[in-house]
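In: With the input below, show me the fold.
(3 chains)
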Amino acid sequence: MTDFGFTLSRSSALDLSKADTRLYEKLCSLSPDARTCMGCGSCSATCTAGPYSGMSLRKVILGLQRGQDVRPMLKGCMLCGKCTMVCPRGINTRQLILNLCRIYD
Amino acid sequence: MKENVVIIGGGVAGMEAAKQLLFLGYTPIVVEQKDHLGGHVSQWNRLFPDMASAQDLVRHLGEEIVDANIFLETKVNFINRLREGYLVMLSNGVSVACRAILVASGFRLFDAARKEEYGYGVYDHVITNADLENWFNGNPDPRVPASPKKVGFVHCVGSRDLKAGNSQCSKVCCMTAVKQAIEMKEHFPDAQIYCFYMDLRLFGKKYEDFYINAQQEYGVQFIRGRVSEVGETLDGHLQVKAEDTLSGKPLRAQLDLLVLMAGMVCNPEAAELARMARLEMDSDGFLRSADNISGIVGSNRPGIFYAGACTGTKTVPETLAEARSAALDIHRFIQGK
Amino acid sequence: MIYEGKQKIWKDYQKEIPDDHWYYVRSCIRQNFFPASERKFTDITQQVLGKDVYETPYHTTCGGIAYHCDAIPQETAMTIVARQFALMTEAGYENYVPSCVTSFGNYIEILETWREFPELEARIREQLWKATRREFKKPKYLAHTSDLIYHWRNEIAEKASVRLIDHETGEPMRMAEHIGCHYAKMFPSKGIGGAEYPYVLAGMIESWGGQVVDYPERRHCCGYGFRQYHMKANRGYCVSNTHKKFESMEPYGIQAILTNCPGCCYFMDRWQYVIAEQTGKTYGKDGFGIPVFTYEELAGLVLGYDPWDLGLQLHQVAVEPFLDRIGVRYDPKAKYLGLNKEDILRPELPTNLKCF
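Out: Numbering: from 1, shown residues only, chains lettered A, B, ... in the order given. Just a heads-up that it's a prediction; the model follows:
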């Protein structure tokens, strides 16, 4: 292969048509309220671990909808339950995280 | 003899006002350009939030105004100021002297073809909200595939769009998109529905419940990002580009059908009426109410009143409430109170 | 795709193009990239079509390339442009036609800026006077050279000896068009057909017998992007955009691409080599690339010019398979003979992209 000093860059674009959302669907079957997330971000805003570990429940749910691997984020969760207290849609976020861990296992 | 009141526009605003004016003892003269009453609502299928039949609403209103004078396929040619009141000349040769006129000329659906990037009229499977209602009404549309797997809705087409000359939010489209998304999912249970929105403006009674329901029961996915470009693939699918602003990444999707939520712009006839009757236009391109809080149905001319979407984007219940309010104001005006 | 829908849009974006008397200015870079195109434009317009197309050796860069590379401010570009207009005025012309799409965009942007801010125009006039003692009139009509070839496309078709038709099957050649960003994206009303579905090149292809093929990434930029490309480290970004276009084009069996911008034509041609070397992938048939033509080259081909006189040997992607399809006769041995049959040497052949 000829070295030109540069190569094709990888596109950062998300392709919805190619996104594998089976994990998300599985999660929704266990935690149907996951679907009602509206991305308000209050879970991430209040998250104890988030600022230090990169955990964001909003991004976890969105990532699953886009077919991304969210395990690295999930590892940062301390299961304190603060997000459950603030979610305006009343999503049982703690249970959602536990269900997700179960799916990944 | 009962006193005439000219109502310009036979949509639900004009019909409701006619009904109330009949009740108050006047003879409403409804002037409608089309060959039927009911305006946009007559072309709609079901109305949120209770999924009531749009046809039923129009039919009930129609039954209540059989005693009104209704001129279909008729235009206002000109309006002359008399010493007391107005002389309204109609295109059918009739001229009416009256003390009060109700302008209920409504809105026009934004011409979605003007947002060229969406390819309405160019791509095989791009339709508007109105086209979809027409399809819900049982009229076949070759643009709607037999069994679409992925359907997208684009909010704010021609609304909140300074480049298109419309700064206004059209108010009903967010809720219409949610309603139509649910209806599409009911028609096609295997389909995945996406709504591409800038903001979700679900302000009305039970609208938010619809939204939650669309998410939870119908799995509709809401993607915060405006579609920027649509292309057509070799096999006739649509390729759309948007930014998934919540992920902070560009997003692409292949869809089988794209529904454009065309917004409301003022009916161009309103500008013509404004010229004839020296009415003022507001900065948003709609007719200017006497006061945007306490005098929505009043105009800058004595004896001329407004109802419905001629003064701005309105929902059906808002329009009906304004029509009743305008009828009462007309009554008070004629009574000299 | 609903063709009538496009026709409706095309009707909204037509512009008045005078039929004669044009003041012609060349591009900074085209003569290096595609050396015969500009010369053939004057040949075709003056000799074949009998038009008055005038040019002067005193013309310089319009400043657009430096402006888009962030090397000079717009005011400097404006003063350079003011001088070009002065040369046009002195020559007695009022119709101005640049051959570069970025120039075209630069001129429109400047004229529109002056329309909005007349005090700026006054300042530029003063600066030009102080620097050169020249005065100018603004062009009455501004067109891009592709607009003119579009305008005369049917006259060219009448005189054509070759059509964009596969001479064996009788099928129209499947061709994509690619429009330079600066042609109409900034000012859609200034481009024939607008910015979303431009007609300027599509009209030529249709008029000369070919079939225009639309594909999803048709509107996407070629990736050149001026200062992006000029930094070597950023070139991955440029080539990735070209790659994206070719990937999108791939299923359509496109046999040639027509362009109207110096950079687009160059990069869509040359990057096919880079992509082939880096990924092993080629987009034409049998290991060839998809040839990319300028509108002058294509006009020259249908008018029966010798492809080597049109400079097609300087294309990276081999043009011969396309020429064979449309039945253009050429001497393969003469490919690398320049003026006066002088040998201009042969390029090294790539590993993955088939060339002659």
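In: Tell me the residues on the stretch 201-350 of chain C that lie near chain A, please.
Out: Counting by Cβ under 8 Å from any Cβ of the partner chain, the residues of the stretch 201-350 of chain C close to chain A are C:232-237, C:239-240, C:243-244, C:274-275, C:277-279. All C-beta atoms are positioned from the backbone trio N, CA, C, and that covers glycine.
In: Mind doing that once more with 10 Å?
Out: C:231-244, C:271, C:273-280, C:350 (Cβ under 10 Å from any Cβ of the partner chain).
In: Might you calculate how far stretch C:140-160 sits from the centre of the chain?
Out: Relative to its chain's centre, stretch C:140-160 lies at 13 Å (Cα atoms, centre = their mean, to the nearest Å).
In: what does stretch B:100-109 give?
Out: 11 Å.
In: Ok, stretch B:115-132 next?
Out: Computed by Cα atoms, centre = their mean, the chain-centroid distance of stretch B:115-132 equals 18 Å.
In: Quick one, which of the residues of the stretch 201-350 of chain C next to chain A are buried?
Out: When these are checked for burial by 16 or more other Cβ atoms under 10 Å in any protein chain shown, the buried set is C:235-244, C:271, C:273-278, C:350.
In: Narrow the residues you listed to those in helices?
Out: Counted as lying in helices by DSSP state H, out of these, are C:235-244, C:271, C:273-278.
In: Find the closest residue to chain B in chain C.
Out: C:Pro216 (3.3 Å; Cβ to the nearest Cβ).
In: Now do the same contact list for that residue.
Out: Going by Cβ atoms under 10 Å, 6 or more residues apart in numbering or on different chains, C:Pro216 touches B:229-234, B:237-241, B:252, B:254, C:244-245, C:247-249, C:252.
In: if I pick the closest residue to C:Gly210 other than its chain neighbours, what's in contact with it?
Out: Nearest non-adjacent residue to C:Gly210, counting by Cβ to Cβ, 6 or more residues apart in numbering or on different chains: C:Leu164, 3.3 Å away. For C:Leu164, the contact set (Cβ under 10 Å, 6+ apart) comprises C:157, C:172-175, C:204-211, C:255-256, C:258, C:298, C:301-302, C:322, C:325-326.
In: What of C:Gly92?
Out: Counting by Cβ under 10 Å, 6+ apart, C:Gly92 touches C:His21, C:Tyr23, C:Tyr54.
In: Looking at those residues, which one is closest to chain A?
Out: The nearest one, if we look at these relative to chain A and count by Cβ to the nearest Cβ, is C:Tyr23, at 39.9 Å.
In: burial count for the closest one?
Out: 24 (other Cβ atoms under 10 Å in any protein chain shown).
In: any idea how far it lies from C:Asp43?
Out: 17 Å (Cβ to Cβ, to the nearest Å).
In: Grab the longest helix from the chain for me.
Out: Just going to use chain A. Chain A, longest helix under DSSP H: helix A:93-104.
In: Hmm, no, I was thinking of chain B.
Out: helix B:316-334.
In: closest point of chain A to chain B, which residue?
Out: Nearest residue of chain A to chain B (Cβ to the nearest Cβ) works out as A:Leu16 at 3.6 Å.
In: Please name the nearest non-neighbouring residue to that residue.
Out: Closest to A:Leu16 by Cβ to Cβ, 6+ apart is B:Ala253, at 3.6 Å.
In: for B:Gly285, same thing?
Out: Leaving out its chain neighbours, the residue that sits closest to B:Gly285 by Cβ to Cβ, 6+ apart is B:Cys266, at 5.0 Å.
In: wait, isn't the one you found in contact with B:Ala309?
Out: Yes. Counting by Cβ atoms under 10 Å, B:Cys266 does reach B:Ala309; the two are 7.8 Å apart.
In: Next, the contact list for C:Phe136, please.
Out: For C:Phe136, the contact set (Cβ under 10 Å, 6+ apart) comprises C:81-90, C:124-125, C:128-129.
In: ok, back up a step: of the contacts of C:Pro216, just the buried ones, PyMOL syntax please.
Out: A single PyMOL command suffices to select whichever of these are buried according to 16+ other Cβ under 10 Å:
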select buried, (chain B and resi 229+230+231+232+237+238+239+240+241+252+254) or (chain C and resi 244+245+248+249)
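In: returning to what we had before: pull the contacting residues for the residue of chain A closest to chain B.
Out: A:65-67, B:150, B:152, B:192, B:194, B:221, B:223, B:240, B:242, B:244, B:251-255.
In: ranges for the strands of chain C?
Out: For chain C, strands defined by DSSP state E occupy the ranges C:22-25, C:53-54, C:95-98, C:141-142, C:174-178, C:211-212, C:256-259, C:292-294.
In: What strands line up against the second one, and which way round?
Out: The one in question is strand C:53-54. Sheet pairing of strand C:53-54 (DSSP bridges) gives strand C:22-25 (parallel).
In: Write out the residues of the stretch 51-200 of chain B neighbouring chain C.
Out: B:113-124, B:126, B:143.
In: can you rerun that using 7 Å?
Out: Residues of the stretch 51-200 of chain B found near chain C (Cβ under 7 Å from any Cβ of the partner chain) are B:Glu116, B:Glu117, B:Gly121, B:Val122, B:Tyr123, B:Asp124.
In: Make CSV out of these and add pLDDT, neighbour count and secondary structure.
Out: Converted to CSV, these look like this (pLDDT from 0 to 100; neighbours: other Cβ atoms under 10 Å in any protein chain shown; DSSP: H, G, I helix; E, B strand; the rest coil):
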residue, pLDDT, neighbour count, secondary structure
B:Glu116, 96, 22, helix
B:Glu117, 97, 16, helix
B:Gly121, 97, 16, coil
B:Val122, 97, 23, coil
B:Tyr123, 97, 22, coil
B:Asp124, 97, 16, coil
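In: these two touch, right, B:Lys206 and B:Met51?
Out: No. Using Cβ atoms under 7 Å, B:Lys206 makes no contact with B:Met51, being 10.8 Å away.
In: helix or strand right after the helix or strand containing the residue nearest to A:Leu16?
Out: Using DSSP states H and E, B:Ala253 sits within strand B:249-255. Next along the chain after strand B:249-255, taking DSSP H and E as the criterion, comes strand B:257-262.
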